[in-house]
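1. Model the following, please.
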Amino acid sequence: MSVELAFAASDLAQMRFAVSPMWEIGPSFRLLNSRPAPGVHRRWAEQVRPRVVDAGLDRGWLSELIPPTGYVPDFLNPAPPGPAPTLAEELARILATPADRVRRDLDHLRHHQGGLGTRLRTLHAEPQARLARVVEEIETYWKVALAPYWARIRTVLDADVFYRARQVAEHGTARLFNDLHPSSSWSDNALRLARRRRTLSRKTAGAGLLLIPSAFTGPGLRTRVSLPEPPQLAYPARGVGVLWEPRPVTRSAAIAAVIGRSRTMLLTELETPASTTELALRTGLSAGGVSQHLTALRDAGLVSAHRVGRLVLYARTSVAESVLAAALA
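-> Okay, here's the model as predicted:
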């Protein structure tokens, strides 16, 4: 089955891109539950899955809201209000979801899954009271699974938006949609999506179109249609294939001359987020020394810290990634 979304001049005028944390949360959580994880994300999954299990997230609200296949409640993906909303902004919109909308989405999920779990039955009965618990769990998952990697993920997503925007500027909308995904095409002022089960038309969608690149959505396309909001189309971002590949630092001596050998070694080791204890074991530095260096690197904006319970994970920031990229140039 294929679907068609017609465009008027006003729809093209309102078409825009957005980078959305929530569009990474659902697909990434589902990916963690697949065994084995797809090769492109296997390194990430192997690091994150034990933390997700330790936090009990594999048997919580998200495990019922995001089944292994099929429909995911639309209220989890409100239309991004701007080009790059924060997770907090998106969670605020989820908390503000009207009760009847939550129940309607859960009824749709029940139809697809043949029933609702215990938690979702309570959410159906008391949406306003229980949504706060859902949002709390989403925040925990974000801290465990995505926040330490967000600088790297965001670089890929922003690069995709830049590429697509340039396509539109240089070649027009037709090139954008014909190149977006093998199942998408443009002709006669309409976007056509092949092999789609959900309907997508202007009768059920608002004006314009939200295009959302995603690191974890794939290999297909995902849509969300809910009046009066514009339809959302999440597609696999360019560059995901090399997202988790190691990035060797060949001129570390030059960086060490500026920030010191130990701090350069820590930045190199933070190719993957790690705790103080892990970094001490990898580098041979004392835990106290690692802690002092990480504090200095964090104060300089080169490292970020992400606490989940007693665990604190350190990760390179986008500033550090730029510094290391310059060393490779």
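2. For stretch 301-309, C-alpha coordinates in CSV please.
-> Output in CSV follows, covering the C-alpha atoms of stretch 301-309 (Å, rounded to 0.1, in the frame of the first residue of the first chain):
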residue,chain,number,x,y,z
GLY,A,301,33.4,22.8,28.7
LEU,A,302,35.1,19.7,27.3
VAL,A,303,33.4,17.1,29.4
SER,A,304,29.8,16.7,30.6
ALA,A,305,28.6,14.6,33.6
HIS,A,306,25.4,12.6,33.7
ARG,A,307,24.2,11.2,37.0
VAL,A,308,21.7,8.3,37.3
GLY,A,309,21.4,7.3,40.9
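3. wouldn't Leu123 be in contact with Glu137 here?
-> No: with contacts counted by CB atoms under 8 Å, Leu123 stays clear of Glu137, the gap being 11.6 Å. Yep, even glycine has a C-beta here, placed from its N, CA and C like the rest.
4. Which one's more surrounded, these two?
-> Leu123 (24 against 19; other CB atoms under 10 Å).
5. host element of the more buried one?
-> Leu123 belongs to helix 118-125 when assigned by DSSP states H and E.
6. what pLDDT, on average, does that helix get?
-> Mean per-residue pLDDT for helix 118-125: 96.
7. all numbers from here: first residue = 21
-> Sure, I'll start numbering at 21, so the last one becomes helix 138-145.
8. before we move on, the earlier item: identify the contacts common to Leu143 and Glu157.
-> Taking CB atoms under 8 Å, 6 or more residues apart in numbering as the contact rule, Leu143 and Glu157 both touch Trp81.
9. if we can go back for a sec, which parts of the helix holding Leu143 are buried?
-> Buried residues in helix 138-145, counted by 16 or more other CB atoms under 10 Å: 139-140, 143-144.
10. That one: what's the following helix or strand?
-> Helices and strands here follow DSSP H and E; after helix 138-145, the next one along the chain is helix 147-161.
11. Summarise which helices and strands that following helix is packed against.
-> helix 42-52, helix 81-85, helix 107-115, helix 119-133, helix 138-145 (3 or more CB pairs under 8 Å, 6 or more residues apart in numbering; DSSP states H and E).
12. For stretch 317-332, give me every contacting residue.
-> 71, 75, 160, 163-164, 167-168, 171, 279, 283, 286-287, 290, 293, 295-296, 314, 333-337, 339-340, 343.
13. What is the end-to-end distance of it?
-> Terminal residues of stretch 317-332 lie 15 Å apart, using CA to CA, to the nearest Å.
14. Could you list the domains of the chain?
-> Annotated domains of the chain cover 23-38+173-261, 42-168, 272-348 [automatic domain parsing].
15. any low-confidence regions in the stretch 171-320 of the chain?
-> Scanning the stretch 171-320 of the chain for pLDDT under 70 picks out 217-218, 267-272.
16. would you list the buried residues of helix 138-145 in TSV and tack on distance to Ser203?
-> Conversion of the buried residues of helix 138-145 to TSV gives the following (distance: CB to CB, whole Å):
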residue	distance to Ser203
Arg139	34
Leu140	31
Leu143	33
His144	33
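17. And the furthest pair within those?
-> Spanning the widest gap among the buried residues of helix 138-145 are Arg139 and His144, at 9.8 Å by CB to CB.
18. got a list of contacts for the biggest helix by length in the chain?
-> Ordering each helix of the chain by length in residues (DSSP state H) puts helix 170-191 first. Applying CB under 8 Å, 6+ apart, the external contacts of helix 170-191 come out as 37, 39, 41, 44, 103, 166, 195-196, 199-200, 231, 233-235, 257-260, 263, 324, 335-338, 340-341.
19. Next step: those residues restricted to helices.
-> Going by DSSP H, the helices hold 44, 195-196, 199-200, 338, 340-341 from the contacts of helix 170-191.
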